[in-house]
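K.L.:
got a sequence here, can you model it:
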Amino acid sequence: MDQFSFKFDAYGGLGEVRGVLQFDGEQLRLHYQVADAMLGAIRSQPREVAFAPEAVLDIAYSAGWFWLMPRVELQVSDVARIADIPLETAGSLRLHLPFSQRRVARRLVESLALPAASVACVGSIPSWHGWVGASAARHCRPIMRQRARRRVARSRSSCARRSRPASRSC
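P.N.:
Here you go, the predicted model:
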């Protein structure tokens, strides 16, 4: 079972979420607790969110600035499951992790990247330079090229249907 600790800001920097992300092969579990960022004295009850790896749209690891601030970005399709977590963007978690946890996090991301790569072909693929999630882009590149060719062919056929002078191009 792979697990690593994380933290991220909440409520515009007034709060902080700390927790542990675990993957046991069947489910991805997010154990977290919200605290105020000033003193850390006011804390919520510990909570747990579990979801299947199929619910992960994209997961990517980044080493960060000068490889000193590693982070994992996780996008989930089931927004209702993570609705209780104070996020800046709906359905997307940016987990900052300690430097000592980077190898474990990278291994976890790589174990989840292959199922995410097959799902990522359905929608648009984010192109983050240097991220493990970019492997999904390499995997889906032929599919995306094929879709682009179809779009060009459709636009050309729609231009032919329009009644415009021959000197103008669509």
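K.L.:
roughly how far apart are Ser92 and Ile59?
P.N.:
Going from Ser92 to Ile59 by C-beta to C-beta, to the nearest Å gives 11 Å. Placement of C-beta: from N, CA and C, glycine included.
K.L.:
neighbour count for those two, which is higher?
P.N.:
More neighbours surround Ile59 than the other of Ser92 and Ile59, with 26 against 15 (other C-beta atoms under 10 Å).
K.L.:
just the element for that one, please.
P.N.:
Assessed by DSSP states H and E, Ile59 sits inside strand 56-62.
K.L.:
can I get that strand in CSV, CA atoms only?
P.N.:
C-alpha atoms of strand 56-62 as CSV (Å, rounded to 0.1, in the frame of the first residue of the first chain):
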residue,chain,number,x,y,z
VAL,A,56,-9.5,9.8,-11.5
LEU,A,57,-9.5,11.8,-14.7
ASP,A,58,-5.8,12.8,-14.5
ILE,A,59,-3.1,12.5,-11.9
ALA,A,60,0.3,14.1,-12.4
TYR,A,61,3.5,14.5,-10.4
SER,A,62,5.7,17.6,-10.6
